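> I need the structure of the sequence given here:
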Amino acid sequence: MLTAITTVDARQILDSRGRPTIEVDVGLAGGSRGRAAIPSGASTGSHEAHELRDGNPKRYWGLGVLKAIANVSGEIARGVAGLDAMDQRGLDARLRELDGTDQLRRLGANAILGVSIAACRAAASARNHPLHMHIADLAGNPQVLMPLPMVNILSGGMHAGGGMDVQDFLAIPAHATTIEDAIHTISLVRTAAAQVCQEQGLPTLLADEGGLSPGCRNGRDALELMCRSIEAAGLTPGKDVLIAIDVAATSFSRGQGRYDLVREGVTRTTAEMIDMMGAWVREYPVVSIEDGLDEEAWDGWSALTAALGSKVQLVGDDLFTTSPARLRTGIEAKAANGVLVKVNQNGTLSGTLDVLALAKQHGYSTIISARSGETEDAFIADLAVGTAAGQIKIGSLRTSSTLCKYNQLLRIEAASNAPYAGLHSLPMQIHR
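Numbers count the residues shown, from 1 in each chain. Have a look, this model is predicted:
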């Protein structure tokens, strides 16, 4: 069988923050090979699949991944030898069986996922199929789709050393009709934002995902700066460019429905957080809010969704952690209306496809997302197109770890007839 797995190897490389991560190669009997490099998050949910680190303080501050590499080259390689890479679901089931834990704590989700994605690439190569088309077949998806991007412009929280309480303010191209047009629009806004910050004497240091870190005192100041940047780019806020916000509220939640916004110097209740977000939506062209409340605040999320769910996309990241079980809980609680999908939160490609299918079945929008510690692996670009997710969140137009993914979207668009999702990918129609 030409698509039988014959070799599995791994090595330690560096991610966009200069920290170790794992890269995996899978070889097939017919000579096809696939490679995957696994990213790492900064703002992480407690229910994510487990990233295995060495814990040796003398090597990369304890962040080495030599244990994960040994697991890949040893137990995992032996456990998947001879399996058909074309049977992605069977391979992923075997990988989970080998680990034997819910969060892949024994062998490491970074090790498991590396093999899962590398095998997917090897299978696509064996078929001589573009990766996004192979993924479309795995997902049972008859129509691929170019995703609407949401792009970091201003950053704080755990992406920028706490420079702002709220983690990210992002731009969404509203009138673009192609990926090329969308990226051009965002490029204008990102460049203008740097110029506006310089003119106002604000810092222009880069955050983990390439956004600017101006240290705004509160969300309203950041939103004003976003609007000024859009206007400085010669565009109109609410018409040409819309705004998305990643609150990352779990990072400043103190439990019991209390949220400490240190930079702003206030503590808010759940009701006050909902009121604050409601004011943002009323007063600014905000159409998407991610992780507006704590990851365990199910009642609060239900209240937030009841209050704003008909007006704005409410995205669960730490809330759902790309977990089918947690997404089912959210569906029952009527919490959120969108799901951020991060492959390394789940741990296998098949598990990620299951979350996407469940979300779509229940009318939730889906956003494929990168992590703050990224690699030069562009897999998520193909994943977003192949699954017709509709939206993608990669990071800003800076650094090779993010640009390689935008460039891959441009290549796919140039080589295919895939339509562009645009604002139709949001869970409601935006008319402003």
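
> show me where the stretch 151-300 of the chain has helices.
Along the stretch 151-300 of the chain, counting by DSSP state H, counting those that start in this stretch, helices occupy 179-199, 219-232, 270-283, 298-308.

> now the last one against helix 270-283, angle please.
For the pair helix 298-308 and helix 270-283, the angle between their directions (axes from the mean of the first three to the mean of the last three Cα atoms, to 10 degrees) equals 30 degrees.

> what's downstream of helix 298-308, the next helix or strand?
Note on helix 298-308: by DSSP states H and E, the next helix or strand toward the C-terminus is strand 313-316.

> The helix or strand just after that following strand packs against which elements?
Using DSSP H and E, the next helix or strand after strand 313-316 towards the C-terminus is helix 324-333. Contacts defined by 3 or more Cβ pairs under 8 Å, 6 or more residues apart in numbering; DSSP states H and E place helix 324-333 against helix 298-308, helix 349-361. For every residue, glycine as well, the C-beta is placed using N, CA and C.

> Could you list the buried residues of helix 324-333?
Residues P324, R326, L327, G330, I331 are the ones in helix 324-333 that count as buried (16 or more other Cβ atoms under 10 Å).

> Over to A126: give its phi and psi.
In terms of degrees, to the nearest 10, the main-chain angles of A126 are phi -60, psi -30.

> pLDDT score assigned to it?
A126 is assigned a pLDDT of 98 by the prediction.

> Spatially central residue for the protein, please.
By Cα atoms, centre = their mean, the chain has its centre lying nearest to S369, at 1.7 Å.

> Test for you: state the pLDDT assigned to the residue nearest to D208 when sequence neighbours are not counted.
Excluding its sequence neighbours, the residue lying closest to D208 (Cβ to Cβ, 6 or more residues apart in numbering) is S372, at 4.0 Å. pLDDT for S372: 81.

> Just give me the neighbour total for S372.
Neighbour count for S372, taken as other Cβ atoms under 10 Å: 27.

> Quick one: mean pLDDT for stretch 305-325?
96.

> Using PDB, list the CA coordinates for it.
Output in PDB follows, covering the C-alpha atoms of stretch 305-325 (Å, rounded to 0.1, in the frame of the first residue of the first chain):
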ATOM      1  CA  THR A 305     -25.800  36.200  24.200                       C
ATOM      2  CA  ALA A 306     -29.400  37.100  25.000                       C
ATOM      3  CA  ALA A 307     -28.400  40.800  25.200                       C
ATOM      4  CA  LEU A 308     -26.100  41.100  22.200                       C
ATOM      5  CA  GLY A 309     -26.400  37.900  20.200                       C
ATOM      6  CA  SER A 310     -28.800  39.400  17.600                       C
ATOM      7  CA  LYS A 311     -26.500  42.400  17.000                       C
ATOM      8  CA  VAL A 312     -23.000  41.100  17.000                       C
ATOM      9  CA  GLN A 313     -20.900  37.900  16.600                       C
ATOM     10  CA  LEU A 314     -20.000  36.500  20.100                       C
ATOM     11  CA  VAL A 315     -17.100  34.200  19.800                       C
ATOM     12  CA  GLY A 316     -16.000  31.500  22.300                       C
ATOM     13  CA  ASP A 317     -12.300  30.700  22.400                       C
ATOM     14  CA  ASP A 318     -11.300  29.900  26.000                       C
ATOM     15  CA  LEU A 319     -15.000  29.100  26.500                       C
ATOM     16  CA  PHE A 320     -15.000  26.300  23.900                       C
ATOM     17  CA  THR A 321     -11.300  25.400  23.400                       C
ATOM     18  CA  THR A 322     -12.200  23.600  20.200                       C
ATOM     19  CA  SER A 323     -13.800  20.800  22.300                       C
ATOM     20  CA  PRO A 324     -17.000  19.100  21.100                       C
ATOM     21  CA  ALA A 325     -18.100  18.500  24.700                       C
END
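
> what about it, distance to the chain center?
Between the centre of stretch 305-325 and the centre of its chain there are 14 Å (Cα atoms, centre = their mean, to the nearest Å).

> buried ones in that stretch?
For stretch 305-325, the neighbour count (16+ other Cβ under 10 Å) marks 305, 307-309, 312-324 as buried.

> I'd guessed G257 sits against T269; true?
Yes: using Cβ atoms under 8 Å, G257 is in contact with T269, at 5.6 Å.

> Of these two, which one has the most company?
Using other Cβ under 10 Å, the more surrounded residue of G257 and T269 is G257, with 17 against 13.

> Return the residues in contact with that one.
Under the criterion of Cβ atoms under 8 Å, 6 or more residues apart in numbering, the neighbours of G257 are T269, T270, A297, G300.

> State the distance from the first one to Q167.
Distance, T269 to Q167, using Cβ to Cβ, to the nearest Å: 20 Å.
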